[in-house]
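> this is a predicted model, with the sequence first.
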Amino acid sequence: MGGPRFRPVNADLMWNLTCLTPRTIELRRQHAEAPVVICPEDSFLFTESYKETVGLPETLRYAYAYEKIVENCPILIRKEELIVGSLTKEIRGANLIAAECPANVLDSIASGGFTRKMSEWTKADISEEDMVKLKADAEYWMERVPEHEVNKLLVHEFGEEHMDLMMDRAMIFEGIPFRAETEMGLWGPIFPERIGRGTTSFRAKPVHVGLNHIIDLCEKELVKMDTEGYYPGCLTRITPAYKRCLIRAMIICAKATIRWAERHAEEARRMAALPENAEYKDVLLQIAENCDWVPANPPRTYWEAVQSYRFLNACDQKIKPYRKDTCLGRLDQILYPYYEADLQAGKITREFAAEILGCFFIKLREGEGFDPEKREVAHSQGTFLPDITICGRDEQGRDMTNEMSYLVLRVMADMKFNEPTIYIRCHDGMSDDFYRMAVKANMEHRGGCPAFLNDELGTRRYLDRGVALEDACDWNCSGCLAYHLDCAEHTGGFMHLNLLKCFEMAMRDGYEPRWGKQFGPHTGDFTKMKSVDEILEAWYKQIDYFCDLLNRDYAIRRSLELSYPLVSGLNGVMWYDYALEYGEIPVRGGTPYPITEAMWLGNRGQTDVADCLAAIQKVVFDDKKATLADVLDACNKNFEGYEDLQQMLLNAPKYGNDDDYVDDIFVKLCTKVDEIMTKRPDPINGQKVFLFKGAASAHVVYGMVSWALPNGRNAGVSCNDGAVSAMPGMDIEGPTALINSASKFDFWQYAGGVLNMKFTKDLLDSPEKIDKVIALIKTFHRRGGWHVQFNIHSQEDLVAARHDPENWKDLLVRVGGYSANFVDLPLPLQDEIIHRTPHAV
Amino acid sequence: MAGETGMIYNIQKYSLDDGPGIRTIVFMKGCPLRCKWCANPESQETFRQVGHRASTCVLCGKCYMACPKKCITLAPDDERKVIIDHDVCDNCGACVEVCLHDAMRFYGRVVTVDEVWKEVKKDLHYYFDTHGGVTISGGEPMYQPDFVAALLKKCRSEGVHTAIETCGFVSPESLDKVLPFVDLFLFDIKHMDSDEHKKWTGGPNEPIQQNIETVVKAGKDITIRFPMIPGVNDSHEHLVKLAERMVELNGMAKKPIGIDIMPFHNFGENKYQNLGMPYFFAGMDRPPQEKKDEVMEIMTSHGITCVVR
């Protein structure tokens, strides 16, 4: 191991900085007071372009539509800004493209309002005139929605009842696409991954090299193809026309993005010339100069680097407004060289660097989305998951924490936005100073940010899949609870299994009570079972049966997605080196590693089932206070008339208390479930599947569709949150016991193994107590834990906010893979968070 | 054999205030004193007691039906909800057996050293990370000297830091049994005047002061703890007297001895209600900040390290 990678940091100096200057305070005020407005301009431009390009290959049509949008959309610069690049003409505008989701648009218009997020508080405005035009636009696309071949083929292959297993019906498993037909759009909400527009499409490299360089490479490649022949890849997929279209689309998109930046330069110059802006003239002229230079060229300064970052992050959100979730990668590593050079050269101060970063965060928070009400609970609209990952170790094991890492925390704590979300890659080489700053920042932010991840596990997962060490070290977080490599975007298809449903069916010989059908295999009469192991066996058989079905279902969905003849040129730009080498974007196989195209197989409900079985063991087999028939009848009746039995089941030992009575069951069943879920290879690429515990609010949705369970939980109530969190309110032995329970099973293969912990404020009121919380984090990681995050506030605050949302709009909480304003959450989720046990001294 | 089992009433993990680092506290049941401000009234008696907690009670009446002595009264209009006649109750636990809501509960259980160690060792990781360990509290730990000595010996042999929190009102023999296995004493001084001490706690001060000197002379780490009770021991004169005693103790010690001031609180009040015991300090406020500043000032001016909790 060599010497330290970066120069040492004065932690106190960084903590005492602030990005709250008159400028950022004003920008934040404007943002807080701005109404949310639906801005459909981009939608009209998109449609206009598509009408002009009828007959061209889809990839080019898509690129031209992007070009049309960014060359003609309104440009907004606020005179106080340092970083520009708005998605709409409004401070809080929701850009949308009706073609992506025409049915949703029509639904929202018919119901008289666009819901921006998840609750009543967040209705968005739209002008009457725009509404009329948007309706016509959506109606145009309704007639052109492509054939719904995925669902048709699934029914053809597995029968009509297969669809009953999906979301919105019995909800046994979900996959993308799994939505009802009316939600189908041209490409939008359902197929983001198939055209390389998943949650992970941002990459640092284009910032560093500049788009002109990429255009240059693309043009050279076209010449090379003409003179030397195309890349001799898979003849059935990568044809000369396909590769030519991709490269052409990349050139169109790169040039259009440069043009978008230039239009900002023009607007800044126009504003600078106005007498009323005299005070801001110098800054506006500097912004113009920045926008002239980046993202076309490699940034010359820190300010330009942040500006380039913004454009390259936002351009993707212009063309895929329905899924704006683009992660931001390892921000501290990306910006550090520019920051350090400017600092050493005396070009910036730390204060100014913080102010610029603060302006960037405000920009990130300006985007708005919309979603029809029926998906409110299932999805966290208004959260775009712009995940920022910091720290970690390099391939030599050196700590990569640098002064930018501190700056990111400082700005996060000052801004107190629910997004961006900060993820720290924690490891033993990270200094206690940094841990302390992170915990203090968490206390100031109070929204569960930053999250603490286990660096070693993240790297190990990639080493396990044959990725070279220097690439494996370069992982970051994306989406709500996923992670990916900068060298190989590998968001594939997602499938998710509701283990509670499987348990319900194991209790009823394969019969599903909500939908009233025999969905699962016959696994025996529950009431006659003699032991917990026998029940487990029945459950395993149910899981195995549905995993098999899910795998076959996935093979069909995913291959249909991948055969769709449309690739995003912007994604090609992001991954230009691979796109040029392989003639394909990474998500469709264009990377050096065979881990792309991966199936992400998720599940929820292991802790709930462990509690169910422990309760049965205790009440039925040990204490003999009831029979299995009683338990089944009680569950069927949602414990009505069985209040005493319910209480006995609730009193049984619960996961989360470091009690082996239940934790042993937990470890046993997790081991087996892993084995079942990974025994079939990814049906597309034949590799080991990625296990994950994603879908941050899945516990609410899965809970809603699930029947009463033998752990004493009533029907419809949220199941346990996170991946390894305890039943709400049941982890009463304190934080060390919860962590011990949560780290008994080695979840290293799972992405998103989140432990949510709630602390009261007094737990952290002295430096000594903060050090003790740091010890908790370190021990959790040392014991193999993956991801822990803290909500710090008082229970009274939450209850007050529940009843008086108007006055608690700023209260942030950590839900799962994202933070949210508490009052914006749906009521069941609010209740769930209130009932998580707070750990106090 | 004496000391194989002990009577405890709680084991609390992730404790941050009773000794260094992250600690597990084992609360022993039984105490020779009866301090009127005692925050853990359930710790006083040496036997297992039945109590009732109104906050989780649903007034189902099962305890009433189960009680063989008929000493339970249902009282829907009373905030206690259920009233136990403790003069009649023999703590048989028939009511605890039937209660599903953890309202009727036992205070106290008999455990072996191994059983306690099994709980304590679960948090080893955290002790080692934070220089924490185990603290035996109570009640009075040295009221069960054989058991506590055995438990502390076990912890010591596994490398766990040990502390005990004591009122000091024990025989020198008991102290001798435990002393070798303790790394840190959290030693109470409640009043410097023996008559006053006896009036408020039921026991005189002399044996306590004698025991403190034993511990100090043995070279053990020791922190004095002073429960500051309004109107009892918080007069300026008494605080000065206390400070002088601290100076005296420091004169005998190899290492400086600090003092923790524990201002009065009434968190234990509802537990008195649960056990049907009268609470002497009902309605008393917590000491004002000026009082805390005053004691800090007095101690500091005597050169004593002082922490107000």
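All right, it came through fine.

> most proximal residue of the stretch 201-350 of chain A with respect to chain B?
Ranking the residues of the stretch 201-350 of chain A by distance to chain B (C-beta to the nearest C-beta) places residue A:332 first, at 26.3 Å. Glycine gets a C-beta too; all of them are placed from N, C-alpha and C.

> what's around that residue, how many residues?
Residues within reach of residue A:332, counting by other C-beta atoms under 10 Å in any protein chain shown, total 26.

> what about it, which SS state?
helix (DSSP: H, G, I helix; E, B strand; the rest coil).

> in the chain, which residue is most central in space?
Just going to use chain A. residue A:479 (2.0 Å; C-alpha atoms, centre = their mean).

> could you do chain B instead?
Most central in chain B under C-alpha atoms, centre = their mean is residue B:138, positioned 3.6 Å from the mean C-alpha point.

> look at that one and report its pLDDT.
For residue B:138, the model assigns a pLDDT of 86.

> pretty sure it sits against residue B:170.
No. Proximity of residue B:138 to residue B:170 does not meet the contact threshold set by C-beta atoms under 8 Å, at 10.9 Å.

> what sits against the residue of the stretch 1-150 of chain A found nearest chain B?
For the stretch 1-150 of chain A, the residue closest to chain B is residue A:11, as judged by C-beta to the nearest C-beta, at 20.1 Å. Taking C-beta atoms under 8 Å, 6 or more residues apart in numbering or on different chains as the contact definition, residue A:11 lies against A:406, A:431, A:433, A:434, A:436, A:437.

> next, work out how far apart the nearest residue to residue A:451 once chain neighbours are set aside and chain B are.
The spatial neighbour of residue A:451 that comes closest, neighbours along the chain excluded (C-beta to C-beta, 6 or more residues apart in numbering or on different chains), is residue A:789 at 4.2 Å. Look at residue A:789 and chain B: by C-beta to the nearest C-beta, to the nearest Å, they are 18 Å apart.

> could I get the phi/psi values of residue 228?
Reading this off chain A. With angles defined as degrees, to the nearest 10, residue A:228 sits at phi -110, psi 0.

> I was after chain B.
Geometry field for residue B:228 lists phi and psi as phi -90, psi 110, criterion degrees, to the nearest 10.

> contact partners for it?
With C-beta under 8 Å, 6+ apart as the criterion, the residues that contact residue B:228 are B:234, B:261, B:262, B:263, B:264, B:287, B:291, B:295.

> distance-wise, check the fourth one relative to residue B:233.
The one in question is residue B:263. Counting by C-beta to C-beta, to the nearest Å, the gap between residue B:263 and residue B:233 amounts to 11 Å.

> quick one, strands of the stretch 201-309 of chain B?
Listed in chain order, the strands of the stretch 201-309 of chain B (DSSP state E, counting those that start in this stretch) span B:221-228, B:258-263, B:306-308.

> name the residues that touch the shortest one?
The set of residues that contact strand B:306-308 without belonging to it, under C-beta under 8 Å, 6+ apart, is B:258, B:259, B:260, B:261, B:263, B:292, B:295, B:296, B:299, B:300.

> for those, could you give me CSV that also reports distance to residue A:782 and pLDDT?
Conversion of these to CSV gives the following (distance: C-beta to C-beta, whole Å; pLDDT from 0 to 100):
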residue, distance to residue A:782, pLDDT
B:258, 32, 95
B:259, 36, 95
B:260, 32, 94
B:261, 36, 93
B:263, 37, 90
B:292, 39, 92
B:295, 41, 94
B:296, 39, 95
B:299, 40, 95
B:300, 40, 95
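
> show me which of the residues you listed are buried.
Burial by neighbour count, 16 or more other C-beta atoms under 10 Å in any protein chain shown: within the contacts of strand B:306-308 this picks out B:259, B:260, B:261, B:263, B:292, B:295, B:299.

> and chain A, which of the residues you listed reach it?
Taking C-beta under 8 Å from any C-beta of the partner chain as the test, chain A is in contact with none of the buried ones among the contacts of strand B:306-308.

> tell me the two of those residues that are most distant?
Taking C-beta to C-beta as the measure, the buried ones among the contacts of strand B:306-308 reach their widest spread between B:263 and B:299, a distance of 13.7 Å.
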